[in-house]
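S.K.: next come a sequence and a model predicted from it.
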Amino acid sequence: MQTLKEFLRTDRFASCTGVELLEIKPGYARARMLVTERHLNGGGVCQGGALFTLADLAFAAVANSHRRLTLSVTANITFLRPAKSGYVYADAAEVFNHHRIPFVEVKITNEKGELIAIFTSSGYRKETELPVEDLE
Ligand SMILES: CC(C)(COP(=O)(O)OP(=O)(O)OC[C@H]1O[C@@H](n2cnc3c(N)ncnc32)[C@H](O)[C@@H]1OP(=O)(O)O)[C@@H](O)C(=O)NCCC(=O)NCCSC(=O)Cc1ccccc1
């Protein structure tokens with residue numbers, strides 16, 4: 001049987017943007033993305049949707065770390081600093097592990113540890129058990 005990390009590798013859109021899951025623990029996950037030329041918008045900074053995708057996959061990892069299928073029902077992102085190159089990291093913490101409507105906060109930082117964006121999302125936890133044995 002697969003791990004949660006392998007299960008989430010099937011997220012093809014996140015893979016296309018170069019998002020990699022680094023760590024998954026119950027209630028916590030960390031992901032990263034290398035900002036390259038192709039991530040930049042007309043203003044020369046990382047496109048907001050790319051940062052959203054990074055945060056969304058980190059959300060998926062933490063929200064599903066209890067092995068019950070959990071989908072995002074609402075999400076918000078605030079962009080605080082531009083990202084122009086190098087790695088950006090997403091640290092996702094399940095602030096409220098509600099059995100049905102969990103709430104997750106994701107902080108995105110750059111290589112210097114400066115805060116780039118904050119993403120929050122509420123999930124909807126279904127009864128469906130995920131076909132995963134371990135988290136990673
Ligand atoms: C899953 C669920 C939320 C619930 O489905 P079911 O279990 O079949 O139950 P049902 O549809 O019966 O609903 C129960 C009740 O809840 C209500 N309700 C629903 N939404 C809302 C709302 N926003 N606000 C308020 N209420 C809402 C609904 O009307 C109903 O009310 P009722 O009992 O009749 O009074 C479904 O609506 C859905 O798929 N939504 C889209 C989610 C989606 O596409 N997310 C993005 C992709 S996921 C991602 O990015 C991360 C990821 C990646 C990889 C892996 C994993 C995660």
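M.R.: Nice, thanks for sending it over.
S.K.: got the buried residues for the top strand by length along the chain?
M.R.: Ordering each strand of the chain by length in residues (DSSP state E) puts strand 115-129 first. Buried residues in strand 115-129, defined by neighbour count with 16 or more other C-beta atoms under 10 Å: 116, 117, 119, 120, 121, 122, 123, 125. C-beta: built from backbone N, CA, C; applies to glycine.
S.K.: pull the residues that contact that strand.
M.R.: For strand 115-129, contacts defined as C-beta atoms under 8 Å, 6 or more residues apart in numbering pick out 51-52, 55-56, 59, 63, 66-83, 88, 90, 98-110.
S.K.: what subset of those is buried?
M.R.: Buried, going by 16+ other C-beta under 10 Å: 51-52, 55-56, 59, 63, 66-68, 70, 75, 77, 79, 82-83, 88, 90, 102-110, out of those.
S.K.: out of the residues you listed, which touch the ligand?
M.R.: Restricting those to those touching the ligand (C-beta under 6 Å from any ligand atom) yields residue 56.
S.K.: among the buried ones among the contacts of strand 115-129, which are located in strands?
M.R.: Per DSSP E, the buried ones among the contacts of strand 115-129 map to strands at 68, 70, 75, 77, 79, 88, 90, 103-110.
S.K.: which residue would you name as the spatial centre of the chain?
M.R.: residue 58 (2.0 Å; C-alpha atoms, centre = their mean).
S.K.: who are the packing partners of the helix or strand containing residue 61?
M.R.: Under the criterion DSSP states H and E, the helix or strand holding residue 61 is helix 48-63. Judged by 3 or more C-beta pairs under 8 Å, 6 or more residues apart in numbering; DSSP states H and E, the packing partners of helix 48-63 are helix 4-8, helix 12-16, strand 20-25, strand 28-35, strand 68-79, strand 86-96, strand 103-110, strand 115-129.
S.K.: dump those into CSV; add mean pLDDT as well.
M.R.: Below are the helices and strands packed on helix 48-63 laid out as CSV (pLDDT from 0 to 100):
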stretch, mean pLDDT
helix 4-8, 96
helix 12-16, 96
strand 20-25, 97
strand 28-35, 98
strand 68-79, 98
strand 86-96, 98
strand 103-110, 98
strand 115-129, 97
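S.K.: residues in contact with the closest residue to residue 2 other than its chain neighbours?
M.R.: Closest residue to residue 2 apart from its sequence neighbours, by C-beta to C-beta, 6 or more residues apart in numbering: residue 132 at 5.9 Å. By C-beta under 8 Å, 6+ apart, the contact list for residue 132 reads 1, 2, 3, 4, 6, 7, 67.
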